[in-house]
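1. Structure for this input, please:
(3 chains)
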Amino acid sequence: MSITSTVNGNKVNITISGRFDFNCNKEFRDVYYNTPSGSNNEFVVDMSGTEYIDSSALGMLLLLREHAGSEQANVTLFACRKNVKDNLIVSNFDKLFKIA
Amino acid sequence: MKILIVDDDTTNRLVLGAYLKKDGYTVIAAENGQEAVDMFQSEAPELILMDVMMPVMDGYEATKKIKSLSVEKFIPIIFLTAMTDEKALSQCVEVGGDDFLTKPYNRVILKAKIDALERVSQLYNTVFEQKRILVSHKEHEVKEREVARKVYDSILTPGCLSAENIQLHLSPLSLFNGDVVLAAVKPTGGLHILFGDFTGHGLAASLGALPLSDIFYSMTAKGYSINDVVREINHKLKLQLPMGMFLAACLVEIDINNNVLKYWNGAIPAAYLYKGNSVVELKSQHLPLGILEDKSFNDKVDIIEIHDYDQVVLSTDGILETKNGDGTMFGKERFVKCLDFDIEKNKETNASNIFEHILEALDDFSGSHEQTDDITLGVITCDTDYINQLSSQQGNYKKFASSNWKFDMHFHYDAIKSIDPVPLINQILGEIQGHQIQQNGLSTVLTELFCNSLDHGLLQLDSSIKATPEGFMQFYSDKEMLLKDLDTGFIKISISNTPTETGGDLTIVFQDSGQGFDTSMLEKLSLQIPNDTPQNFSGRGLSLINNYCNSVTHNEAGNCITCTYSWSNPD
Amino acid sequence: MPGTSIDLNILKKLKQIMDDDFNELIEIFISDGQSQLKTLKAAIDSSAASDIRRIAHTLKGSSANLGLLTLSETCKTLEYNAAENIFDDANELFEKIKSEFEEAKLTLEEIL
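-> As a prediction, this is how the structure comes out:
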């Protein structure tokens, strides 16, 4: 599992590869902590390499959303695989995140 | 570093001591093996230089003793020996010696050996410390599991999970992984079920279960509906759980009086109503609990008509994620396929089969029983008679002296849109006269009276359309809309108590601002209505009221109903 | 005396390290050594093998530490012989030890 980020002005790109589960807690936090916070930034999470997500991962996405401005946050979950997308939809996370 | 020199010859001790002090070590000395052991215990040196031949106790013996005393910490021992025969040297190692130094002592070599052993010692001690920490964590984890288990036991017992119409597979492991199942009986006749899955595991997940169960049991007992319960749970969890933790949950209300199933599903992936020959999905349309603020929270509940022996099938994602030898997951499709099981063909064995059928399919798929430890599956049968029986078996009540009292409530249309007075009334009655007052169906009477005033009085809905499945959905959708648009009217409620020898007589009056109905019809309407005839709601509702009350009278207009209800104190 | 080897470097270094304590070291070596010679003689006279072995061993060690190489070697021979229960040349070895000790004593006193 690997989590990386790049910052381009006010656009933050985060890439998650492998299994996104409770083992990724610390690593994920370390990565987004170092990115600018607030709703004036746009966050794009590249999930094309994300094989699997569990409820802990959903929790981590909520933390990212808080970092990105909570209600005003602009966070897109990009290129989700079918199983990951299904999980997000069942949990109705499309009400909190843009899912592309 | 503190070094202990053990040698019976004074010259040797002085020479060695000089070398070591020059190199910056702290030096202490012993003249024989016994003194060495004593000094080891009193001075705690970190390294020992040990001569072999000494009076009282020799170097081998002393080394054996000291090594046995230093189990938790590594104390290197370097033998000082002039011997060069192999037998003697191997004996040094056998008794626990870590190295040896020959005379004449070469200062450079001595320092090199001490440095090397110091490194080994640090490594050893680090490993010891890590082991100690690991063991303590392990013990801590075991204790945590015990606490989590105890918490869960105390949460699960107050409810009615052991009821005969509930089949549940819930293992300690799945509890520890945050799965929670709660069931409680409604005083008005019905069942509330909560099927939940907390993020995280262990004690962290257990903590959320405490406020959850408190709210669930107390609100259900007071007669609140699941939309109120779910709103309150969301509020509490949002407040108490850290960001990133939440509860995926499906709440189900089985209302046997109205043949209705209400549900609220936030992220439970497998929730279905199994009707023997068809399956209805109880879709997840909400976010899990504990995420949204009160103002954004959606407590909208969906409604399905049910009949006796319909079954609610609920599962957390454990089942769907069970893998077989190839690494394929069981998945939602296979789960639904399990429900494609015609119960008609197995009429003798009846309701329990779908539960066993699913578990069997799971075992077959995974090829082993181990994985079923991690799953949570529940099947609840809608059995009117049984649930009625459960409702009437409530707990022990404190005895209250029956007294004279009266209270009135007025609700104008704006209040009616958002307040459900029935649980409030239940609460007040419980506080004044104790909950035994509700034993003989009082909550049901109050619910029916209120529904009557609201649905027929204020909203002027016609219950007869509920006879067909489409009409059923239409009724509730119309009610929602009419209630939203309501801009006039009121409901007045008055309840008073007159003590009797055995308890008391309640007089209950419900008055609404509606047009009423043709009360002359009541005489024509047979009030002994057989249960399986689809009757209009008001007919059925009135028959229930008549069932529990001593008398029921209407005013001429038909918009005010007065009932008398007797209750008795327990002996 | 020909064939007697003393490593003066060891002694010089020791003196350098120990400063004033060096004197004490030499005094102790000499007085210990003298009493060891007495008990060694008694042991040889009574052919007490293990005693001979023990004392020779000790003197071997301490003399080596002070760089008194030949003395140390002779003690070693006596020690090993006693271990094998060979007493033939015990007296001869003792005389050697005694004279080498005297020589050492002189050298040590010079250095003080």
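
2. Can you report how many residues lie near B:Lys484?
-> For B:Lys484, the neighbour count with other C-beta atoms under 10 Å in any protein chain shown is 8. All C-beta atoms are positioned from the backbone trio N, CA, C, and that covers glycine.

3. So it versus chain C, what's the distance?
-> Note on B:Lys484: its distance to chain C, by C-beta to the nearest C-beta, to the nearest Å, is 100 Å.

4. What values do phi and psi take at the closest residue in space to B:Asp7 that isn't next to it in sequence?
-> With C-beta to C-beta, 6 or more residues apart in numbering or on different chains as the criterion, B:Asp7 has its nearest non-adjacent residue at 4.0 Å, and that residue is B:Asp51. Torsion angles at B:Asp51 (phi, psi; degrees, to the nearest 10) stand at phi -80, psi 160.

5. For stretch B:502-513, which residues meet the burial criterion?
-> Neighbour counts using 16 or more other C-beta atoms under 10 Å in any protein chain shown place B:503-504, B:506, B:508-513 of stretch B:502-513 among the buried residues.

6. An error on my part: the question was meant for stretch B:226-246.
-> B:226-238, B:241, B:244-246.

7. again with stretch B:168-186
-> Under 16+ other C-beta under 10 Å, the buried positions of stretch B:168-186 are B:168-170, B:174-186.

8. check whether the longest helix seen in chain A contacts chain B.
-> Assignment by DSSP state H gives helix A:55-67 as the longest helix of chain A. Yes: under the criterion of C-beta under 8 Å from any C-beta of the partner chain, helix A:55-67 makes contact with chain B via A:55-56, A:58-60, A:62-63, A:66.

9. Now do that helix: everything it contacts.
-> A:14, A:20-22, A:24-25, A:28-29, A:32-33, A:35, A:37, A:43, A:45, A:73, A:75, A:77, A:87-88, A:91, A:93, A:96-97, B:197, B:199-200, B:243-246, B:248, B:288, B:291 (C-beta atoms under 8 Å, 6 or more residues apart in numbering or on different chains).

10. cool, and stretch B:383-394?
-> Contact with stretch B:383-394 is made by B:160, B:163-165, B:185-191, B:254, B:256, B:308-309, B:435, B:438-439, B:441, as judged by C-beta under 8 Å, 6+ apart.

11. Go through the strand ranked longest in chain A and flag the buried ones.
-> Ordering each strand of chain A by length in residues (DSSP state E) puts strand A:11-20 first. Using 16+ other C-beta under 10 Å as the test for burial, strand A:11-20 gives A:12-16, A:20.

12. neighbours around B:Glu141, how many?
-> Neighbour count for B:Glu141, taken as other C-beta under 10 Å: 12.

13. The one 4 residues further on now?
-> The number of residues packed near B:Arg145 is 18, by other C-beta under 10 Å.

14. Distance check, it against B:Ser206.
-> Computed as C-beta to C-beta, to the nearest Å, the B:Arg145 to B:Ser206 distance reads 10 Å.

15. Next: C:Ile30.
-> As judged by C-beta to C-beta, C:Ile30 and B:Ser206 stand 79 Å apart.

16. and these two? which has more neighbours close in?
-> With neighbours defined as other C-beta under 10 Å, C:Ile30 and B:Ser206 compare such that B:Ser206 has more, 24 against 15.

17. quick one: that one and B:Ala148 touch, right?
-> Yes: proximity of B:Ser206 to B:Ala148 meets the contact threshold set by C-beta atoms under 8 Å, at 4.3 Å.

18. Go through the buried residues of strand A:11-20 and name the one nearest chain B.
-> When the buried residues of strand A:11-20 are ranked by distance to chain B (C-beta to the nearest C-beta), A:Phe20 comes first, at 13.4 Å.

19. Next, count neighbours for the closest residue to the closest one other than its chain neighbours.
-> Distance criterion C-beta to C-beta, 6+ apart; nearest residue to A:Phe20, sequence neighbours excluded, is A:Ala57 at 4.2 Å. For A:Ala57, the count of nearby residues is 24 (other C-beta under 10 Å).

20. Repeat that for C:Glu84.
-> 9.

21. now B:Ala44
-> Residues contacting B:Ala44 under the criterion other C-beta under 10 Å number 12.

22. How about B:Arg119?
-> Residues lying near B:Arg119 (other C-beta under 10 Å) number 9.

23. List the residue ranges of the stretch 451-571 of chain B that fall below the pLDDT cut-off.
-> The model of the stretch 451-571 of chain B has pLDDT under 70 over residues B:518-540, B:570-571.

24. ok, which stretches of it are strands?
-> Using DSSP state E, counting those that start in this stretch, the strands found in the stretch 451-571 of chain B span residues B:490-499, B:503-512, B:551-554, B:560-568.

25. Compare those and give me the one nearest chain A.
-> The minimum distance between chain A and these falls on strand B:490-499, with 35.4 Å, by C-beta to the nearest C-beta.

26. give the contact list for the residue of the stretch 51-200 of chain B found nearest chain C.
-> Closest contact between the stretch 51-200 of chain B and chain C, by C-beta to the nearest C-beta, is at B:Pro104 (4.1 Å). For B:Pro104, the contacting residues are C:10, C:64-65, C:67, C:72, by C-beta under 8 Å, 6+ apart.

27. Spatially, what comes nearest to residue 21 if we skip its sequence neighbours?
-> Using chain A. Sequence neighbours aside, A:Asp54 is the residue nearest to A:Asp21 in space, at 4.5 Å (criterion: C-beta to C-beta, 6+ apart).

28. not quite, I wanted chain C
-> Among residues not flanking C:Asp21 along the chain, B:Ala18 sits closest, at 6.9 Å (C-beta to C-beta, 6+ apart).

29. pretty sure that neighbour contacts C:Lys15?
-> No: using C-beta under 8 Å, B:Ala18 is not in contact with C:Lys15; the gap is 9.8 Å.

30. which one of those two has more residues nearby?
-> Applying other C-beta under 10 Å to B:Ala18 and C:Lys15 shows that B:Ala18 carries more neighbours, namely 22 against 18.

31. The host helix or strand of that one packs against which elements?
-> Element membership for B:Ala18 (DSSP states H and E) is helix B:10-22. Using 3 or more C-beta pairs under 8 Å, 6 or more residues apart in numbering or on different chains; DSSP states H and E, the elements in contact with helix B:10-22 are strand B:2-6, strand B:26-30, helix B:107-156, helix C:8-18, helix C:21-45, helix C:49-65.
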